[in-house]
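> turn this into a model:
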Amino acid sequence: MRTIRFSRTARTSVLGSAALIAALSLTACQSGSPSAADTSTATESQKPSGTSAAPAAATDEKAAEGSGASGSSSGKPDAKQPQDSGSNSGKDSGRDDSGKLPTCTDTNTKLTVTSVKRPVNHMLLTVTNTGSKSCYAYSYPFLRFGEAQSVPPAVEDSRPQSVVVLTPGQSAYAGILTSSADGSGEGGYSTQDLTVGFQGADGRPAGAMADVPLSTEVFVDSTLAVTYWQTDMDDALMY
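All right, here's what the predicted structure looks like:
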């Protein structure tokens, strides 16, 4: 009876050990513990897909920096730096720092006056730019015949559409009505003295009055008048 009981106990122990080993093996399989081969495979397959993105980004940044450098060296203007718009290429060489042309005066012009046959009792005043810069001939000339205390009025119908600009060597003209053809003028007198002055943009005298020689005495009366400066002599003598 003892032998039989021992055998059952041993069998039970052996069977229990086998069951325990099988249970442990099953537990190990179910827990998903990777083998060495599985671990190697997982390590390769689970590498972050963006591992190579950092060098690519750096490459892109360098490329962006390179394109910016090539853009600045290709002549593209920097928004922070003022650029030459090229306006000076069309700028008149006679303009001053403010961009305006100087006024025609006795210092940069020459004045001459001549008598004409038609219309009667008229003279032609010519101004020529003798300077190296263009100048504005504003409005009309101030005239003083002899000892006159005032300058004659302008013929308003002769006012041009814009200010006359004289380039170096160019001339402008003003017609002078010395006296009435029908004798209706008053206070007439004869003189061989004439001084001419220029106007500025504000209508005030610009420069000094210049002496303009007359070849003969001229008779003037209360109808004395002068036209605005004209670019054509025919326009100056039509009033």
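> so which residues of this protein form helices?
Taking DSSP state H as the criterion, the chain carries its helices at 2-30, 36-45, 53-73, 233-236.
> wait, what's in contact with the residue nearest to T191 when sequence neighbours are not counted?
Sequence neighbours aside, G146 is the residue nearest to T191 in space, at 3.3 Å (criterion: CB to CB, 6 or more residues apart in numbering). To be clear about C-beta, it is placed using only N, CA and C from the backbone, and glycine gets the same treatment. Neighbouring residues of G146 by CB atoms under 8 Å, 6 or more residues apart in numbering: 189, 191, 193, 220.
> next: T107.
T107 makes contact with 131, 207 under the criterion CB under 8 Å, 6+ apart.
> quick one on the thing from earlier: for R159, state which of the contacts of G146 is nearest.
Nearest to R159 among these, counting by CB to CB, is V220 at 22.5 Å.
> any idea how far that closest one lies from T103?
27 Å (CB to CB, to the nearest Å).
> between these two, who's got more neighbours?
Using other CB atoms under 10 Å, the more surrounded residue of V220 and T103 is V220, with 24 against 18.
> which one is P119 nearest to, not counting chain neighbours?
In space, not counting the residues next to it along the chain, P119 is nearest to L237; the distance is 6.5 Å by CB to CB, 6+ apart.
> ugh, typo on my part, it should be G175
Nearest to G175 is A236, by CB to CB, 6+ apart, at 4.0 Å.
> residues near the one you found, how many?
As a burial measure, A236 scores 25 neighbours (other CB under 10 Å).
> kindly report the same for D157.
9.
> surely it is in contact with Q230?
No. D157 is beyond contact range of Q230, at 11.9 Å (criterion: CB atoms under 8 Å).
> quick one on the thing from earlier: drop anything exposed from the contacts of G146.
V220 (16 or more other CB atoms under 10 Å).
> could I get the contacts of G146 as TSV with pLDDT?
As requested, the contacts of G146 are exported to TSV (pLDDT from 0 to 100):
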residue	pLDDT
Y189	95
T191	96
D193	96
V220	97
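> mind putting the contacts of G146 in TSV, distance to T114 included?
Output for those, formatted as TSV (distance: CB to CB, whole Å):
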residue	distance to T114
Y189	21
T191	16
D193	16
V220	16
